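1. missing the sequence, but the structure's below:
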């Protein structure tokens, strides 16, 4: 019987409790290696009630009634989206799925000429890094804006032996306002 997953018995998909009438000594293949994905959820095999067996193994029918249970762990997809920068997750995940209730730290890295303006989705605010606990399928987006470019032009308007008088012209050529 599977716990929130699919077990294949001799290539027949079993969901929920399934009973078989088998002869003593017969051999059957039990396979829980095929994960079930959908909607950002993932049921990954973790163990059998028969200790030490791999996800797929040959089961020899013992004398008498026997129950074999496959145990699965729920994982959720954490989608990271960014343009003009990247988002890094720690710990990392090869497929974007994390076991339920895993805390993940997200760090924003702007591309050259951009600055990090904040997170949207499952995180919000301008602080990076931030942490999120994966309790379901989540999306985190990083917003990166073009960095303002402050231009400074100095013109000498007077000088003496001990001082220099300058006229400073400040300009912003970027789309955002330069601060400071």
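-> Good, I have the coordinates. Everything numeric here is computed off the predicted structure, so don't read it as measured data.
2. which pLDDT value does the model give the most centrally placed residue in the chain?
-> The residue lying closest to the centre of the chain (CA atoms, centre = their mean) is residue 78, at 3.2 Å. At residue 78, the pLDDT value in this model is 97.
3. you'd agree it is up against residue 100?
-> No. Taking contact to mean CB atoms under 8 Å, the distance of 11.5 Å between residue 78 and residue 100 leaves them out of contact. For the C-beta atoms, the positions are set from N, CA and C on the backbone; glycine is no exception.
4. what touches both of those two?
-> Here residue 78 and residue 100 share the contacting residues residue 134, scored by CB atoms under 8 Å, 6 or more residues apart in numbering.
5. helices of this protein, start to end?
-> Defined through DSSP state H, the helices belonging to the chain form an empty list.
6. max-length strand in it?
-> Across the chain, the strand with the greatest residue count (assigned by DSSP state E) is strand 70-82.
7. helices or strands up against that strand?
-> Contact analysis of strand 70-82 by 3 or more CB pairs under 8 Å, 6 or more residues apart in numbering; DSSP states H and E lists strand 2-3, strand 41-48, strand 85-90, strand 97-99, strand 102-110, strand 130-134, strand 138-146 as its packing neighbours.
8. how far away is the residue of the chain most remote from its centre from residue 155?
-> If you look at how far each residue of the chain sits from its centre, by CA atoms, centre = their mean, the farthest one is residue 161, at 64.1 Å. Residue 161 sits 20 Å away from residue 155, taking CB to CB, to the nearest Å as the criterion.
9. got it, and residue 146?
-> For residue 146 relative to residue 155 (CB to CB), the value is 28 Å.
10. of these two, which one has the most company?
-> Here residue 146 and residue 155 are compared on neighbour count by other CB atoms under 10 Å; more neighbours surround residue 146, at 13 against 9.
11. ok so, going back, residues contacting the residue nearest to the centre of the chain?
-> By CB under 8 Å, 6+ apart, the contact set of residue 78 is 89, 93, 96-98, 104, 132, 134, 137-140.
12. at 7 Å what do you get?
-> Neighbouring residues of residue 78 by CB atoms under 7 Å, 6 or more residues apart in numbering: 89, 96, 98, 104, 134, 138.
13. noted, bye for now.
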